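# need the 3D shape of this:
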Amino acid sequence: MRLLIGFDQYPLEPFATLLPDWEVVKTSPDRFAELADGMDVVTPIAATVDAELLTAGTFGLVQQFGVGLEKVDIDAATEAGVLVSRLPGDVTGNADSVAEHAVLLALALSRELDGARQALRDGRWSQPVARALFGGTVAIIGLGAIGIAAAKRLAGFGPRLIAVRARPELGGPPEVERVYGVDQLPEVLAQADVVLSALMFGEHNRNFFDAGAFAAMKPGALFVNVARGGLVDEAALLAALESGHIGGAGLDVHAVEPADPAGPLVNHPKVIATPHIAGVTQQMMQRSLIAFTDNLKRYAAGETLLWTVNEPSQVAQRRPQG
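Predicted coordinates:
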């Protein structure tokens with residue numbers, strides 16, 4: 001069996017141990033389509049799997065190493081008879097890892113960590129007078145695995161927690177006081193001292209946080225995005241920061257990745273930016289490797305896969321023969 005991984009910085013040693021009978025090839029996202037020919041399984045990471053590649057390829061499974069499938073044409077995969085599977089965040093520990101990082105960014109912004117460190121270097125004492133999370137309101141936008149994990153962690157700091165989800169009738173964890181629908185977003189944003197973006201991204205919600213959303217936020221509110229960069233109109237966020245309407249932003253994800261290290265948002269004094277590392281922890285990697293390779297073994301054995309997102313009617317024609 002042959003596996004192509006679309007990220008050339010991943011070490012291959014763990015795959016050699018867990019998949020001893022497989023040939024595993026890694027590449028950069030820009031060479032992914034070029035090397036996909038002859039593969040049984042492809043793992044795009046950040047590479048694109050479009051209709052052209054799906055039609056031309058021989059692979060029968062797109063197995064993502066994580067949850068994000070925004071660069072995979074799932075409809076085209078279904079039409080081509082290719083299975084698509086992801087690794088859920090609550091299985092791998094990704095959701096817990098991302099939630100921790102969201103709390104880190106919220107605390108660093110609210111306590112003005114960069115300003116405090118500069119004050120120490122300047123010999124100033126007891127400055128700045130920052131904000132605490134307790135007594136304020138945090139709005140979690142998106143109550144999937146990450147949003148729920150974040151709510152459980154934030155609750156210990158004492159803020160009031162509210163949330164928005166596509167199906168508010170599903171409610172939320174006990175830590176969340178009230179769950180609103182997407183149509184009530186402006187009402188929610190107006191209440192929040194901290195807005196945490198934990199939405200699943202798709203073309204349907206590109207630039208979800210636009211100029212109107214930032215204008216609806218409470219003056220001085222803090223914005224944290226640990227979901228996907230495409231959810232944010234970055235020009236609108238930059239304008240809201242420049243005007244002072246938004247007090248600060250914590251960004252682990254960016255519209256274009258890797259983000260430009262000289263870009264205006266990355267270098268803005270009110271922004272704490274990190275390079276899409278919220279989910280990248282030792283715990284997440286170990287759990288993901290086990291779940292990932294176990295699913296590939298299922299595929300090789302012709303067994304039912306876990307965590308598939310489509311049901312191709314002709315998938316048997318592209319399954320491996322051994």
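
# the residue nearest the centre of the chain in helix, strand or coil?
Nearest residue to the geometric centre of the chain (Cα atoms, centre = their mean): A227, 3.7 Å. For A227, the assignment made with DSSP: H, G, I helix; E, B strand; the rest coil gives coil.

# distance check, it against N207.
Distance, A227 to N207, by Cβ to Cβ, to the nearest Å: 13 Å. C-betas here are computed from N, CA, C, even on glycine.

# okay, now the unreliable bits of the protein?
Scanning the chain for pLDDT under 70 picks out 315-322.

# farthest out from the centre of the chain, which residue is that? Tell me.
Note on the chain: the largest C-alpha distance from the chain mean falls to G123, namely 38.8 Å (Cα atoms, centre = their mean).

# next up, identify which helix or strand G250 is on.
Assessed by DSSP states H and E, G250 sits inside strand 246-251.

# give the other helices and strands that that strand contacts.
The elements that strand 246-251 packs onto, with contact taken as 3 or more Cβ pairs under 8 Å, 6 or more residues apart in numbering; DSSP states H and E, are helix 94-110, strand 221-225, helix 234-243, strand 271-273.

# now the first one and strand 221-225, what's the angle there?
When you say that, I think you mean helix 94-110. 150 degrees (axes from the mean of the first three to the mean of the last three Cα atoms, to 10 degrees).

# buried sites along stretch 24-36?
Within stretch 24-36, the residues scored as buried using 16 or more other Cβ atoms under 10 Å are 24-27, 32-33, 35-36.

# span of that stretch from start to end?
Start to finish, the residues bounding stretch 24-36 are 12 Å apart (Cα to Cα, to the nearest Å).

# ditto for stretch 67-74
Chord length of stretch 67-74, first to last residue, is 13 Å (Cα to Cα).

# now swap in stretch 133-144 and tell me
End residues of stretch 133-144 are separated by 22 Å (Cα to Cα).

# ok, and what's touching it?
89, 95, 106-107, 110, 147, 150-151, 154, 157-165, 170, 172-173, 176, 179, 185, 188-189, 191-200, 227 (Cβ atoms under 8 Å, 6 or more residues apart in numbering).

# what comes up buried for that stretch?
Residues of stretch 133-144 classed as buried by neighbour count (16+ other Cβ under 10 Å): 133, 136-144.

# from the chain's centre, how far out does that stretch sit?
Put simply, stretch 133-144 sits 18 Å off its chain's centre (Cα atoms, centre = their mean, to the nearest Å).

# returning to what we had before: filter the contacts of stretch 133-144 down to the ones in helices?
Using DSSP state H, the members of these that fall in helices are 89, 95, 106-107, 110, 147, 150-151, 154, 185, 188-189, 191.

# the nearest residue to R206 once chain neighbours are set aside: neighbour count?
In space, and not counting its chain neighbours, R206 is closest to G230: 5.1 Å by Cβ to Cβ, 6 or more residues apart in numbering. Counted by other Cβ atoms under 10 Å, the residues lying close to G230 total 19.

# surely G230 is within a strand?
No - remark: G230 does not belong to a strand; assigned using three-state DSSP, it is helix.

# that one: what's it in contact with?
70, 201, 206-207, 255.

# could the residues you listed be laid out in CSV, adding distance to L265 and secondary structure?
Listed next are those as CSV, based on distance: Cβ to Cβ, whole Å; DSSP: H, G, I helix; E, B strand; the rest coil:
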residue, distance to L265, secondary structure
E70, 20, coil
F201, 18, coil
R206, 17, coil
N207, 14, coil
A255, 9, coil
